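Asks: Have a look; sequence and predicted model below, questions after that.
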Amino acid sequence: MAGKNVGSNDVAGAVLPKAVWGKGSYVHDAQGKAYIDGSGGPAVYCIGHGNEEVNAAIAAQMSKIAHGYRYNFTTDPLEELTEIVAARCGGTLTRMVFVTGGSEAVESCLKLALQYHAGRGEMSRRRFISRERSWHGNTLGALSVSGFLERRAAFEGALVEGSRISPANAYRAPEGVSDLAAWYARELEDEILRVGAAHVAAFIFEPVVGAAGACVPAPAGYAKAMREVCDRHGVLMIADEVMCGSGRSGYWRALEEDGVEPDIMSIAKGLAAGYLPLGAAVYSRRVAEVIDGTHGGPMTGHTFTGHTACCAAGVAVQKIVAREKLVERVREKAGLLRRLMAEAVADIESIGDIRGRGFFQAFEIVENRETKKPFAASRKLSLRIRQRALELGLICYPVGGIVDGVNGDGVILAPPFNASDAELGEIAGKAGEAIRSVLAE
């Protein structure tokens, strides 16, 4: 039996298949059809489906207690996961608030930044600077700092006012600019000075842009240059690693590759690999000292913050990731994935760019490769590619509006960290076939 009828522009077709079970890199529907999960859903299922060790850990915790409410109790999974995340982050990112998803994590990051400045007596620092072509989440605060036109449109007028600067995209860089890092840093500083440094709380960005840009990595030197500007003006740096973090980019912290530590960082998707909902807002000792000294602790969180069973899932997933050296494997196999992707689309003239880091890679599809002109949004290429991919037995993550918020098409591949070489080949091959088929129409 097929799934329910749906009407959203974010889904593949009028009727979705019904998922009934999954194992490893494959999901099976009610009709018995198998789909290779080439994008980990929305870059979530980093160790694949049906992992018996993780399921057993969740069941064992549920047999004891599902949830020890954070204002009444601490728990072993909460404490153990805190230690694991702090160790994987390294440096001074030792404090965290566990939540149940990426939007909540970003919302908590924004609140931590505001609370930090309030603790310092700088109540004027209320404004956030973010970027165009960015996506930070569906809660109102996270949506307010997102530069994703289609997803914001219905809520305009109710969103928090902020500033947005240019997307940092080397493929679509400002014309005539040779030193991208310096150009973007100057733009950030100009905006801070325009608003007034005393009014700016934080700069938030994705080290590798996901849904709004299709795996756009920050240009070389970008993160360090932006860090220097933030420090010069007392502005906090928030790294949104919900999608690109927790090992997805080939480092547990995506910004580790850039040699930068943010003040605050959001993580989610790969933290518990989709086995249970889990995310976190991680923050530095410097931020914690102010917050603890003035308010006694973070003033953010919800009923299910630090949910015991969710934390148990996170502990189990992260133990597997560490034991099997899966982050290192992602870094080692990233070149193979890129090569397989390039080979799969070598004959397609409309592939403008292949980009990303680790197992977070994407194609950008253009009407004219020389001018980089995108196809018109009216063609709905992204949705058609997703539908064709499903027909071919591939789950991928096509995204639209990646050029100007309306036009521009990309296809994200974010396979499980433990996908075999053969599975990577199947993913890349079917993605190429789906793109080729839709363009031929």
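Replies: Received it, and whenever you're ready, just let me know what you need.

Asks: Domain-wise, how is the chain divided?
Replies: Following automatic domain parsing, the chain resolves into domains at 19-50+325-440, 53-323.

Asks: Pipe those domains into CSV and attach mean pLDDT per row.
Replies: Shown next, in CSV, are the domains of the chain (pLDDT from 0 to 100):
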stretch, mean pLDDT
domain 19-50+325-440, 97
domain 53-323, 97
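
Asks: got those domains as TSV, with mean neighbour count columns?
Replies: Glycine gets a C-beta too; all of them are placed from N, C-alpha and C. Converted to TSV, those look like this (neighbours: other CB atoms under 10 Å):
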stretch	mean neighbour count
domain 19-50+325-440	20
domain 53-323	20
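
Asks: Might you report the residue contacts of the residue minimising distance to the centre of the chain?
Replies: Centroid-nearest residue in the chain, with CA atoms, centre = their mean: M243, separated by 1.6 Å. Contact analysis of M243 by CB atoms under 8 Å, 6 or more residues apart in numbering lists P42, A43, G102, E206, V208, G210, A211, K269, F360.

Asks: Tell me where the stretch 1-150 of the chain has helices.
Replies: Remark: helices assigned in the stretch 1-150 of the chain by DSSP state H, counting those that start in this stretch are 40-43, 52-64, 76-89, 102-119, 140-144, 149-152.

Asks: Please report phi then psi for I365.
Replies: Here is the backbone geometry of I365 (degrees, to the nearest 10): phi -100, psi 130.

Asks: Specify the beta-bridge partners of the closest residue in space to it that isn't next to it in sequence.
Replies: Closest residue in space to I365, ignoring its immediate chain neighbours: D409 at 4.5 Å, by CB to CB, 6 or more residues apart in numbering. When assigned by DSSP bridges, D409 has beta-bridge partners I365, G400.

Asks: my read: D409 touches L381, true?
Replies: Yes. The pair D409 / L381 is scored as a contact, 4.3 Å apart, by CB atoms under 8 Å.

Asks: Mutual contacts of these two, please.
Replies: Common neighbours of D409 and L381 (criterion: CB under 8 Å, 6+ apart): I365, F375, P398, G400.

Asks: And those, which two are furthest apart?
Replies: The span of these, defined through CB to CB, is set by F375 and P398 at 12.2 Å.

Asks: residues shared between the contacts of the two?
Replies: Common neighbours of F375 and P398 (CB under 8 Å, 6+ apart) are L381, D409.

Asks: dump the residue contacts of the nearest residue to V54 once chain neighbours are set aside.
Replies: Nearest non-adjacent residue to V54, counting by CB to CB, 6+ apart: A316, 4.4 Å away. Contacts for A316 (CB under 8 Å, 6+ apart) come out as E53, V54, A57, I58, Y275.

Asks: Am I right that A316 sits in a helix?
Replies: Yes. Counting by DSSP: H, G, I helix; E, B strand; the rest coil, A316 is located in a helix.

Asks: Quick check: closest non-adjacent residue to N407.
Replies: Once flanking residues are discounted, N407 sits nearest to P374: 4.4 Å by CB to CB, 6+ apart.

Asks: how close does that neighbour get to C396?
Replies: 19 Å (CB to CB, to the nearest Å).

Asks: Equivalent analysis for G301, please.
Replies: Relative to C396, G301 is positioned 35 Å away (CB to CB).

Asks: Same check on I435?
Replies: Distance from I435 to C396, by CB to CB: 9 Å.

Asks: Next secondary structure after the strand or helix carrying A182?
Replies: Using DSSP states H and E, A182 sits within helix 180-195. As assigned by DSSP H and E, the chain's next helix or strand after helix 180-195 is strand 200-205.

Asks: And for that next one, what's in contact with it?
Replies: 106, 109-110, 113-114, 117, 125-131, 134, 136, 145, 168, 188, 192, 218, 226, 229-230, 233, 235-240, 263-264.

Asks: Give the pairing partners of it; include direction for each.
Replies: Strand 200-205 pairs in its sheet with strand 127-131 (parallel), strand 236-240 (parallel), by DSSP bridges.

Asks: can you pull the contacts of S144?
Replies: F128, L159, V160, E161, G162.

Asks: Let me know the distance separating it from G102.
Replies: For S144, the distance to G102 - CB to CB - is 15 Å.

Asks: same deal with G410?
Replies: 19 Å.

Asks: How about A239?
Replies: For A239, the distance to G102 - CB to CB - is 13 Å.

Asks: Show me the common contact partners of those two, please.
Replies: S266.

Asks: Can you tell me which helices and strands the helix or strand containing D292 packs against?
Replies: Taking DSSP H and E as the definition, one finds D292 inside helix 285-295. Contacts defined by 3 or more CB pairs under 8 Å, 6 or more residues apart in numbering; DSSP states H and E place helix 285-295 against strand 93-99, helix 102-119.

Asks: chain center to that helix, what's the gap?
Replies: 27 Å (CA atoms, centre = their mean, to the nearest Å).

Asks: quick check: angle from that helix to strand 236-240?
Replies: Orientation check (axes from the mean of the first three to the mean of the last three CA atoms, to 10 degrees): helix 285-295 against strand 236-240 gives 110 degrees.

Asks: Alpha carbons of stretch 38-47, as CSV, please.
Replies: Extracted in CSV, the C-alpha atoms of stretch 38-47 (Å, rounded to 0.1, in the frame of the first residue of the first chain):
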residue,chain,number,x,y,z
GLY,A,38,22.5,8.0,-0.7
SER,A,39,21.8,11.0,1.5
GLY,A,40,21.2,9.5,4.9
GLY,A,41,17.7,10.9,4.6
PRO,A,42,18.5,14.6,5.2
ALA,A,43,22.2,13.8,6.1
VAL,A,44,21.1,12.1,9.3
TYR,A,45,21.6,8.3,9.2
CYS,A,46,25.4,8.3,9.4
ILE,A,47,25.8,4.6,10.5
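
Asks: which residues are contacting it?
Replies: By CB under 8 Å, 6+ apart, stretch 38-47 touches 37, 54, 210-211, 243-244, 246-248, 269-270, 273-274, 317, 320-321, 326, 360, 389, 394-397, 412-418, 427, 430-431.

Asks: residue contacts, V195?
Replies: Contact analysis of V195 by CB under 8 Å, 6+ apart lists R127, I129, S163.
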